[in-house]
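Engineer: I would like the atomic coordinates for the input below:
(one chain, ligands or ions: 1)
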Amino acid sequence: MGQIYDNAMVIAQRIREKCDRKVDLCVVLGSGLGAFVDALDNQVVIPYSQIEGFPCSSVHGHAGNLVFGQLDGKDLVVMQGRVHYYECGDLKRVTLPIRILHCLGCTRMIVTNAAGAANVNFNAGELMLITDHINMLMAGSPLVGLNEDEFGVRFPDMSEPYNHEMSDILRKTAQKLGILLREGVYCASHGPEYETPAEVRMFQKLGADAVGMSTVPEVVVANHMLMKVAGVSCLTNKASGLSETKLTHDEVMECGRKVAKDFVNLLREGVRQML
Ligand code: HPA
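Structural biologist: You can find the predicted model right below:
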């Protein structure tokens, strides 16, 4: 059996010993977006640090908890914080949590992040449904190396990286709630430094509407495992070169908190429809 598969199964079992609820849907929360867990009932909060082998994030603003919770009595599991490529330089480590969640039974994932707006028509404080992505992490693919057939095939299809049905539910939910939900292509850049203006111009030319430092590796392994994925970016700032101000992590976090209300409402109602 594959090494990653073995390891993910062992860690999934450790989690089951702490909380044995059946989960089909997982939500990954990005920087400053952890407030979504407050919307959940009957929470069981497990710090990553208490799950032997579970990758821990070192970034300020990422809580680092696995949270089991319920909406309308139905179960889901939430990752409050994630590990980024720039923290560890290891895409296997970045994506291990998604492998583990799959071993726990998850077949669907909603992935969220904070991102800079590369589309000049988009503004800080807006939400964007991710319709597709571009992998500009110089690290390449998390699937490099021996393929583990337990998870999926050697050459996975990526023609619908973000599931149309799940995306449509989020689109309709936003409409119903009167929340502006932009749509566009998310581009993953290497980080941890923010982009240069020239890099942002390049990403724009390639078709990017938003730029961030996460999400793409997780979505690739989720597709490898035939999980259905939807994605939402919280546009916390205009990307480098598109505004007068300098970029700071504090600004990103602050904006994340400001749009938290819309973000939480969209996610809560969207997830309700999906459960
Ligand atoms: N670039 C990359 N990552 C980000 C940004 C950005 O402008 N904003 C929030 N995360």
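Engineer: Looks like residue 7 contacts residue 96 (just checking).
Structural biologist: Yes: contact criterion CB atoms under 8 Å: residue 7 and residue 96 qualify, at 7.4 Å. All C-beta atoms are positioned from the backbone trio N, CA, C, and that covers glycine.
Engineer: quick one: strands adjacent to the host helix or strand of residue 75?
Structural biologist: Assessed by DSSP states H and E, residue 75 sits inside strand 74-80. Strand pairing for strand 74-80, determined by DSSP bridges: strand 25-29 (parallel), strand 65-71 (antiparallel).
Engineer: out of residue 7 and residue 96, which sits in the busier spot?
Structural biologist: Ranked by neighbour count (other CB atoms under 10 Å), residue 7 and residue 96 place residue 96 first, with 21 against 16.
Engineer: Which phi and psi values does that one adopt?
Structural biologist: Residue 96 has phi and psi values of phi -60, psi -40 when expressed as degrees, to the nearest 10.
Engineer: One more: residue 2?
Structural biologist: Per-residue torsions, residue 2: phi -70, psi 150 (degrees, to the nearest 10).
Engineer: thinking it is in contact with residue 151, fair?
Structural biologist: Yes: using CB under 8 Å, residue 2 is in contact with residue 151, at 7.2 Å.
Engineer: Look at those two and report which has more neighbours.
Structural biologist: The neighbour comparison of residue 2 against residue 151 (other CB under 10 Å) goes to residue 151, with 19 against 16.
Engineer: Quickly note the distance from that one to the ligand.
Structural biologist: Going from residue 151 to the ligand by CB to the nearest ligand atom, to the nearest Å gives 28 Å.
Engineer: With residue 136 instead?
Structural biologist: For residue 136, the distance to the ligand - CB to the nearest ligand atom - is 11 Å.
Engineer: just checking, that residue touches residue 195?
Structural biologist: No: with contact defined as CB under 8 Å, residue 136 does not reach residue 195; the gap is 9.6 Å.
Engineer: who has more neighbours, the two?
Structural biologist: Using other CB under 10 Å as the criterion, residue 136 and residue 195 rank with residue 195 on top: 23 against 17.
Engineer: The more buried one belongs to a helix, doesn't it?
Structural biologist: No: looking at residue 195 with DSSP: H, G, I helix; E, B strand; the rest coil, it is coil, so not inside a helix.
Engineer: Do stretch 258-273 and the ligand come into contact?
Structural biologist: No: applying CB under 6 Å from any ligand atom, one finds stretch 258-273 separated from the ligand by no less than 12.1 Å.
Engineer: Pull the residues that contact that stretch.
Structural biologist: 25, 27, 32-33, 35-36, 38-39, 71-72, 76, 110, 112, 125-127, 169-170, 173-174, 176-177, 179, 181, 230, 232, 234, 236 (CB atoms under 8 Å, 6 or more residues apart in numbering).
Engineer: ok, 7 Å please
Structural biologist: 25, 27, 33, 35-36, 39, 71-72, 76, 110, 125, 127, 169-170, 173-174, 177, 179, 234 (CB atoms under 7 Å, 6 or more residues apart in numbering).
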